[in-house]
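Undergrad: My questions concern the predicted model and sequence given below.
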Amino acid sequence: MQIKDILLAPGSGAFFYDDQAAIRAGAIQDRFIYLGEPITPEFTAIRVPAASLSIGLVLTDDTVVWGDMMGVQYSGAGGRDPLFETSQMSELMSRVVVPRLLDVDASRYLDACAKVFEPFGHKRLPLAIEYGVSQALLHAAAHLQRTTMAEVVCREFNLPVPTRRVPIYCQSGDAREINVDKMILKAVDVLPHGLINSRQKFGVDGQTFIEFVKWVAARTRQIGRPGYHPVLHFDVYGWVGQEIGLEPQSIADFICKVADTVPDFLLNIESPADFGSTQAQAENYAKIVSFLDDRGSSARIVVDERCNTLEDIRLFAEAKAAHLVQIKTPDVGSIADTARAVLLCKENKVGAYVGGSCTETDLSAQASVHVSVATQADMMLAKPGMGVDEAFSIVGNEQNRLLAILNRRVTKNVS
């Protein structure tokens, strides 16, 4: 077997874990912290530093390949796994996962994932463990096959070697105006996210949000280079439903109203409402999609909350319950399932957005790039962190390096 030892190293994610329930309930923001008591179980404060756990696979040639485990920013919300706790994950890794890793053929990626991620005690392993370990196994397979991680994915899923870049989407965090300027100056493909996660940011009847959308469009025209025309993508964290109501027709009407204020731009609205369960979310999002399509609107809705695992993504894709599905990588679990999710969306003619979280790391972001490019997702998130510069550099540069290698492979094969 090619794995002879396992290393575990505690670390930090690139942002913070936030108690979404407390923020939705009106927690007051004091500069960077939130005041008040947490609501979501296991949170000791409303905002806590993100933790991670790195796993290193020591191969027989003494090469060490790594992957990173972590939770997402809004852990414990919308049907997600609870708050990531490093010591708990480390104990479970040592007791259950390490013996499995020492007994697999690391050159056979999907087979290795299937064996390592078998249920334990009739339960699925924590998705953070699947995510980090599957990154390390993908690195291992690429090293053993002397190829890129993207080519491992292509080989395992019988896909052609890609040569087309995947559009990159940046998120602003709370420094909205400054980060929008950065995105425009760097000609980001999709922007700005906006972090519209409170009543204050959404406004009465959504007026504050609408003014922000109009400002982003105007700013793009004002300082963007000639011919620059990004997709405008806003995450509203369910606030359309909370402020306008949970009637799908009313939500569609509001989204059309917003789209009409920026007619020259393609508009994505992520998480317009939270209907309380995965099934209810799928049924009502399908109605919103139908209403928007019937009206010929250029606006698209993007599902995030309540659509976490591969099984959830299958439900939404088959029901046409979104124009675009965020495949939130740590919530999906194994990064092999991220690849499966993109392909599933494509089969059902639904957009596939390989997302993730600001709490991730450079390693998990780079692995996500390889899966996104291999499967030719419709867009991918610049991550980790809430700044623009670092995340756009990590994801953009990794994609450019990867495409340089893949283009050389294709050119050599043709010649």
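TA: Yep, it's here. Numbers count the residues shown, from 1 in each chain.

Undergrad: who touches residue 2 in this structure?
TA: By C-beta atoms under 8 Å, 6 or more residues apart in numbering, the contact set of residue 2 is 59-60, 105-107, 140, 144. For glycine as for every other residue, the C-beta is placed from the backbone atoms N, C-alpha and C.

Undergrad: ok, now residue 353?
TA: Applying C-beta under 8 Å, 6+ apart to residue 353 gives the contacts 169, 302, 324-327, 377-381.

Undergrad: 6 Å - rerun?
TA: 324, 326, 379 (C-beta atoms under 6 Å, 6 or more residues apart in numbering).

Undergrad: Could you do residue 225 as well?
TA: Residue 225 neighbours (C-beta under 6 Å, 6+ apart): none.

Undergrad: can you check residue 14 too?
TA: Contact partners of residue 14, counting by C-beta under 6 Å, 6+ apart, are 384-385.

Undergrad: centre of the chain versus the helix or strand harbouring it, how much separation?
TA: Per DSSP states H and E, residue 14 falls inside strand 3-18. In terms of C-alpha atoms, centre = their mean, to the nearest Å, the centre of strand 3-18 is set 18 Å apart from its chain centre.

Undergrad: partner strands of it, parallel or antiparallel?
TA: Next to strand 3-18 in the sheet, as set by DSSP bridges, lie strand 47-59 (antiparallel).

Undergrad: How far does the longest helix along the chain sit from its chain's centre?
TA: Taking DSSP state H as the criterion, the chain has its longest helix at helix 389-414. Centre-to-centre, helix 389-414 and its host chain are 20 Å apart (C-alpha atoms, centre = their mean).

Undergrad: Tell me the helices and strands packed up against that helix.
TA: In terms of contacts (3 or more C-beta pairs under 6 Å, 6 or more residues apart in numbering; DSSP states H and E), helix 389-414 is packed against helix 362-375.

Undergrad: averaged over its residues, what pLDDT does the helix it packs on have?
TA: On average, the pLDDT along helix 362-375 is 98.

Undergrad: Give me the next element, helix or strand, following it.
TA: Per DSSP H and E, the first helix or strand lying C-terminal to helix 362-375 is strand 379-381.

Undergrad: Which other helices and strands does that following strand contact?
TA: With contacts taken as 3+ C-beta pairs under 6 Å, 6+ apart, strand 379-381 sits against no other helix or strand.

Undergrad: will you turn the contacts of residue 353 into TSV that also has pLDDT, distance to residue 24 and neighbour count?
TA: TSV is the format used below for those (pLDDT from 0 to 100; distance: C-beta to C-beta, whole Å; neighbours: other C-beta atoms under 10 Å):
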residue	pLDDT	distance to residue 24	neighbour count
324	98	23	22
326	97	19	28
379	98	27	22
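
Undergrad: can you redo the residues you listed as a markdown table with distance to residue 270?
TA: Rendered in a markdown table, the data for these read as follows (distance: C-beta to C-beta, whole Å):
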| residue | distance to residue 270 |
| --- | --- |
| 324 | 8 |
| 326 | 7 |
| 379 | 12 |
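
Undergrad: For residue 186, state which of these is nearest.
TA: The shortest approach to residue 186 among those belongs to residue 379, at 15.7 Å (C-beta to C-beta).

Undergrad: quick one: the residue lying closest to the closest one once chain neighbours are set aside and residue 92, what's the gap?
TA: Using C-beta to C-beta, 6 or more residues apart in numbering and skipping residues adjacent in sequence, the residue nearest residue 379 is residue 167, 4.5 Å away. According to C-beta to C-beta, to the nearest Å, residue 167 and residue 92 sit 37 Å apart.

Undergrad: same question, residue 383
TA: For residue 383, the distance to residue 92 - C-beta to C-beta - is 25 Å.

Undergrad: which of the two has more neighbours?
TA: Ranked by neighbour count (other C-beta atoms under 10 Å), residue 383 and residue 92 place residue 383 first, with 32 against 15.

Undergrad: Read off the pLDDT value for that one.
TA: Reported pLDDT at residue 383 in the predicted model: 97.

Undergrad: I'd say it and residue 361 touch.
TA: No - in this structure, residue 383 is not within contact of residue 361 by C-beta atoms under 6 Å, at 8.8 Å.

Undergrad: Next, the contact list for the nearest residue to residue 278 once chain neighbours are set aside, please.
TA: Spatial nearest neighbour of residue 278, excluding adjacent residues (C-beta to C-beta, 6+ apart): residue 306 at 4.7 Å. Counting by C-beta under 6 Å, 6+ apart, residue 306 makes contact with 78-79, 278, 281.

Undergrad: What of residue 120?
TA: residue 96.

Undergrad: How many neighbouring residues does residue 122 have?
TA: 5.

Undergrad: hmm, I was thinking of residue 87
TA: Residue neighbour count, defined by other C-beta under 10 Å, stands at 10 for residue 87.

Undergrad: quick one: which helix or strand includes it?
TA: Going by DSSP H and E, residue 87 is part of helix 86-92.

Undergrad: roughly how far is that helix from the heart of the chain?
TA: 23 Å.

Undergrad: residues of it that come out buried?
TA: 86, 89-90 (16 or more other C-beta atoms under 10 Å).

Undergrad: Kindly report the same for stretch 381-390.
TA: Under the neighbour-count criterion of 16+ other C-beta under 10 Å, stretch 381-390 has 381-388, 390 buried.

Undergrad: Likewise for stretch 308-326?
TA: Neighbour-count burial for stretch 308-326, counted by 16+ other C-beta under 10 Å, picks out 308-310, 312-317, 319-326.

Undergrad: C-alpha coordinates for that stretch, CSV please?
TA: What follows is stretch 308-326, C-alpha atoms only, in CSV (Å, rounded to 0.1, in the frame of the first residue of the first chain):
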residue,chain,number,x,y,z
ASN,A,308,-26.2,20.5,1.2
THR,A,309,-25.3,16.9,0.3
LEU,A,310,-25.2,15.1,-3.0
GLU,A,311,-28.6,13.7,-2.4
ASP,A,312,-30.0,17.2,-1.7
ILE,A,313,-28.4,18.5,-4.9
ARG,A,314,-30.0,15.6,-6.9
LEU,A,315,-33.4,16.6,-5.5
PHE,A,316,-33.1,20.2,-6.5
ALA,A,317,-31.6,19.5,-9.9
GLU,A,318,-34.2,16.9,-10.9
ALA,A,319,-37.0,19.2,-9.7
LYS,A,320,-35.6,22.2,-11.5
ALA,A,321,-35.8,24.0,-8.2
ALA,A,322,-33.0,26.5,-9.0
HIS,A,323,-31.4,28.0,-12.0
LEU,A,324,-28.0,27.5,-10.3
VAL,A,325,-27.0,25.2,-7.5
GLN,A,326,-24.3,26.2,-5.0
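
Undergrad: Fine by me, we can end here.
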